[in-house]
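# based on what follows, work out the 3D shape:
(chains A and B)
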Amino acid sequence: MLDIKSARKVFYKGQPDEKIALNGLTLSLKAGEFGVVIGSNGAGKSSMLNAISGALSLDSGQVLINGNDVTNMPVHKRAARLARVFQDPMKGTAASMTVGENMLLAELRGKSRGFRPGLNAARLAAYKERLAVLGLGLENRLDTKVELLSGGQRQSLSLIMAVGGSPDVLLLDEHTAALDPRTADIVMQATVRTVQALKLTTLMVTHNMQHAVDFGDSIIMLDAGRVHLEITGDGKRRITVPELIGHFAVKTDRMLLVS
Amino acid sequence: MMDFIQTTASSFISLIPVTLAQSFILSFVVLGIMIPFRMLSFPDLTSEGAFPLGGCVCGILLAAGVAPPLAIAVAFVVGLAAGCCTAIIHLRSGILMSTMLYSVNLGIMGKSNLSVFGSPTVFDWVPFTEAGFPASKIVVAGLLAVIVLIALNLYFKTEKGTAMRAVGSNPDMAEAQGINVWAATIGGVGIASAFSAAGGALMVQSQGFADVNMGIGILINGLAALMIGEAFTGKQTVLRQLLAPFVGSIIYYQLVSLCLAAGMPPPNLKLATGLFVLIMLALPSIRRSRGGAATRETIRE
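Here you go, the predicted structure:
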């Protein structure tokens, strides 16, 4: 369960280029709900995700995960409760380390790290099994450095790393935007499968209107730092891409291109 | 010409044991430079101050009659504290810390130079060797180097060690995986400076005096040794990366000794050091350009 209560964040306050990123944004996601966030550039999508993950501290307002106030919790402490897949495949993995070591780091996300040996036979076997689900052959490349993987493989690895340990909240930040259409499709299918299987509370940001229509339980449209529109239930099931674009206050070429 | 080669060779060979002892001692400083630069991506310059700090602390302790191993242990701890301060100041550069440490070192010793010649040292206790001779230093410093190498290789493969490497590889990712980047950096830089300081303490016991200026140029020499070492060991695995400071230190100081044996005046050594580094930096691209030329030819065919 995720709650954001009247979150407000202003960048460059008092300066000529003052920018209100979040303007009293309030949002609630039930446990196991899959929300899809859309909105034009500058609507506050990234600021919202950063506020949830802790990378951005709010001027006012609250962030609650499963009813616990995490507003003042630093990123590394929140990590025990939430996981995130970034748009940039480089960001979510440690490039100079192996696939196995990256899996280990993710496994230890919410746990205390000791002086025990990191990778052992039992762990490697478990990682093999979890990576095999993707069908990309990553299970046979546990000793490969992540920098040698393709963008799609890295992003798939990020996803497996994020969903391991069933986080309370999963944040997907345009995680298929940097991939070619075929790979994007593979990663998207894997995402939907795991989110449904593990019943994860998920917030996915996307610029792809087709994805917004096809996936998720609800659509949350942001505009000027607040929720402009929420489409749930039957409305969500019936909505079409042209209708969705019709809701945008400002229509840009980019949206028409991806629809 | 034959004469020159002969005298150079004979004096170089006679210097090998002394130089080897020195390079084992200084390999701890190179290790103290490698850990922040390579494992944490934190370009830390504290070693320039931590090395004489360890030396000065060890010097006054020996002069006060403290047991030699304890003097090294205290130098290690003081170096740890200095490194932690650098990371906390977090100026991404320990040059400020090194500058401040110069005054601290002078304050600790009360004068710029302190002779501890004749005090007992850790090198006195090696059986079957005469105290003060290179063989005992090679045995003690070499043994310490092997122990540290094995311990660090084990540590960097533990859960904590893997997390520390992640901080150097991708700090944003490390933080998102629940790793306290701040704490890992402080701990890592602290340990690195502790090794530099321990190297300084060993050096003082080896040479028989402590000097506030003993750190001048150590950073550049250490970086040169590290790069030379990496050219030989590579950086693909944790073990290779950890071996680089030791291998590099041994090769680098033998090269310096060869220059001295060939009659190069000491002031020119800095030029030679610079050239070694340039050659090491150029080697991979020279190899690559040769490979590149070969492929171009095959394409032409």
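
# where does pLDDT dip in the stretch 1-150 of chain B?
Along the stretch 1-150 of chain B, the model assigns pLDDT under 70 to residues B:90-95, B:128-132.

# where along it do the helices fall?
Secondary structure of the stretch 1-150 of chain B by DSSP state H, counting those that start in this stretch: the helices cover B:2-34, B:47-63, B:68-89, B:95-109, B:134-155.

# give the buried residues for the second one.
Think helix B:47-63. B:47-62 (16 or more other CB atoms under 10 Å in any protein chain shown). C-beta coordinates here come from the backbone N, C-alpha and C atoms, glycine included.

# what's the closest of the helices of the stretch 1-150 of chain B to A:Gly14?
For A:Gly14, the closest of the helices of the stretch 1-150 of chain B is helix B:68-89, at 29.7 Å, according to CB to CB.

# put the alpha carbons of the closest one into PDB.
What follows is helix B:68-89, C-alpha atoms only, in PDB (Å, rounded to 0.1, in the frame of the first residue of the first chain):
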ATOM      1  CA  PRO B  68      57.700  -2.100  17.600                       C
ATOM      2  CA  PRO B  69      54.500  -4.100  16.600                       C
ATOM      3  CA  LEU B  70      52.400  -2.000  18.900                       C
ATOM      4  CA  ALA B  71      53.900   1.200  17.300                       C
ATOM      5  CA  ILE B  72      52.700  -0.100  13.900                       C
ATOM      6  CA  ALA B  73      49.300  -1.000  15.300                       C
ATOM      7  CA  VAL B  74      48.900   2.500  16.800                       C
ATOM      8  CA  ALA B  75      50.100   4.100  13.400                       C
ATOM      9  CA  PHE B  76      47.400   1.900  11.700                       C
ATOM     10  CA  VAL B  77      44.600   3.200  14.000                       C
ATOM     11  CA  VAL B  78      45.800   6.800  13.700                       C
ATOM     12  CA  GLY B  79      45.800   6.500   9.900                       C
ATOM     13  CA  LEU B  80      42.300   5.000  10.000                       C
ATOM     14  CA  ALA B  81      41.100   8.100  11.900                       C
ATOM     15  CA  ALA B  82      42.800  10.400   9.300                       C
ATOM     16  CA  GLY B  83      41.200   8.500   6.400                       C
ATOM     17  CA  CYS B  84      37.800   8.700   8.100                       C
ATOM     18  CA  CYS B  85      38.200  12.400   8.500                       C
ATOM     19  CA  THR B  86      39.000  12.800   4.800                       C
ATOM     20  CA  ALA B  87      35.800  10.900   3.800                       C
ATOM     21  CA  ILE B  88      33.700  12.900   6.300                       C
ATOM     22  CA  ILE B  89      35.100  16.200   5.000                       C
END
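
# got the angle between that helix and helix B:47-63?
150 degrees (axes from the mean of the first three to the mean of the last three CA atoms, to 10 degrees).

# what packs against helix B:68-89?
Packing contacts for helix B:68-89, counted by 3 or more CB pairs under 8 Å, 6 or more residues apart in numbering or on different chains; DSSP states H and E, involve helix B:47-63, helix B:95-109, helix B:181-207.

# now those as a markdown table including distance to chain A?
Shown next, in a markdown table, are those (distance: least, CB to the nearest CB, whole Å):
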| stretch | distance to chain A |
| --- | --- |
| helix B:47-63 | 23 |
| helix B:95-109 | 26 |
| helix B:181-207 | 7 |
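
# coming back round to it: JSON lines for the helices of the stretch 1-150 of chain B, including distance to B:Met164?
Formatted as JSON lines, these follow (distance: least, CB to CB, whole Å):
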{"stretch": "helix B:2-34", "distance to B:Met164": "13"}
{"stretch": "helix B:47-63", "distance to B:Met164": "19"}
{"stretch": "helix B:68-89", "distance to B:Met164": "12"}
{"stretch": "helix B:95-109", "distance to B:Met164": "21"}
{"stretch": "helix B:134-155", "distance to B:Met164": "9"}
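
# return the most buried member of the ones you listed.
helix B:47-63 (a mean of 29; mean count of other CB atoms under 10 Å in any protein chain shown).

# show me where chain A has strands.
Secondary structure of chain A by DSSP state E: the strands cover A:2-11, A:19-29, A:34-38, A:60-65, A:68-69, A:82-85, A:169-173, A:201-205, A:218-223, A:226-232.

# same for the last one, what does it pack against?
If I follow you right, that is strand A:226-232. strand A:19-29, strand A:218-223.

# what are the buried residues along it?
Buried residues in strand A:226-232 (16+ other CB under 10 Å): A:226-228, A:231.

# make TSV out of the residues you listed and add pLDDT.
Listed next are the buried residues of strand A:226-232 as TSV, based on pLDDT from 0 to 100:
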residue	pLDDT
A:Arg226	89
A:Val227	91
A:His228	88
A:Ile231	90
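
# just these now: which is nearest chain B?
Taking CB to the nearest CB as the measure, chain B lies nearest A:Val227 of those, at 25.2 Å.

# tell me what the closest one is bridged to.
Beta-bridge partners for A:Val227, by DSSP bridges, are A:Leu222.

# what sits closest to A:Met1 if chain neighbours are left out?
Taking CB to CB, 6 or more residues apart in numbering or on different chains, and ignoring the residues beside it in sequence, A:Met1 has A:Ala31 as its nearest neighbour in space, at 4.6 Å.

# ok, now which ones touch that neighbour?
Neighbour list for A:Ala31: A:1, A:66, A:199, A:201 [criterion: CB atoms under 8 Å, 6 or more residues apart in numbering or on different chains].

# roughly how far does the residue of the stretch 201-301 of chain B found nearest chain A sit from B:Leu242?
Chain A sits closest to B:Gln236 of the stretch 201-301 of chain B, with a gap of 8.2 Å, by CB to the nearest CB. Distance, B:Gln236 to B:Leu242, using CB to CB, to the nearest Å: 12 Å.
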